[in-house]
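Novice: got a predicted model here, sequence first, then my questions.
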Amino acid sequence: MDIIYYLASCDTCRKIIKSLPKEHDFKFHDIKQDPITVAELEKMRELAGSYEALFSKKAVLYKSMDLKNKSLTEEDYKKYILEHYTFLSRPVFIIKDKIYIGNTQQNMLQVMKALA
């Protein structure tokens with residue numbers, strides 16, 4: 001089953017979810033209410049190629065923890081994503097075993113094409 005990892009309190013995520021085809025059957029996973037597991041993150045990393053690809057450098061915590069001035073390793077990215085949901089770039093779609101990360105226009109066009 002195709003899945004969306006999202007944040008219910010995120011206006012952008014809600015707007016994207018509203019724009020999805022209603023007939024498509026998704027599993028919705030609110031990462032704040034139900035934190036992602038190590039196994040789920042491992043699967044995402046396998047599809048994305050790295051933890052860094054899943055990591056949000058736009059997160060307020062990223063700036064407040066001054067992480068941009070640190071050399072983060074793959075293990076660091078994994079640790080931070082598991083510690084706090086805000087570090088996962090969202091939404092994350094897994095559709096037919098392909099991953100789509102983030103809310104860029106290009107990414108959303110790819111998601112819509114994958115659903116067509």
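Specialist: It's in.
Novice: how far away is residue 7 from residue 41?
Specialist: Residue 7 sits 16 Å away from residue 41, going by Cβ to Cβ, to the nearest Å. Heads up, the C-betas are built off the backbone N, CA and C, glycines and all.
Novice: and residue 82, by the same measure?
Specialist: 6 Å.
Novice: go on, residue 56?
Specialist: In this structure, residue 56 lies at 14 Å from residue 41, with Cβ to Cβ as the measure.
Novice: with residue 63 as the reference, measure out to the residue located most distally from the centre of the chain.
Specialist: Of all residues in the chain, residue 69 sits farthest from the chain's C-alpha centroid, using Cα atoms, centre = their mean; the distance is 23.0 Å. Distance from residue 69 to residue 63, counting by Cβ to Cβ: 10 Å.
Novice: likewise residue 101?
Specialist: Separation of residue 101 from residue 63 (Cβ to Cβ) stands at 20 Å.
Novice: looking at the two, which one has more neighbours?
Specialist: residue 101 (21 against 11; other Cβ atoms under 10 Å).
Novice: so what touches the helix or strand of the chain with the lowest mean pLDDT?
Specialist: Comparing every helix and strand of the chain by mean pLDDT, DSSP states H and E singles out helix 60-64 as the least confident one, with a mean of 89. Helix 60-64 is touched from outside by 56, 67-68, 84, 86-87, with contacts defined as Cβ atoms under 8 Å, 6 or more residues apart in numbering.
Novice: do a quick rundown of the helices in the chain.
Specialist: In the chain, helices defined by DSSP state H lie at 11-19, 38-48, 60-64, 74-83, 105-115, listed in chain order.
Novice: now that we have the contacts of helix 60-64, which one has the most neighbours?
Specialist: residue 87 leads the contacts of helix 60-64 on contacts (other Cβ under 10 Å) with 24 neighbours.
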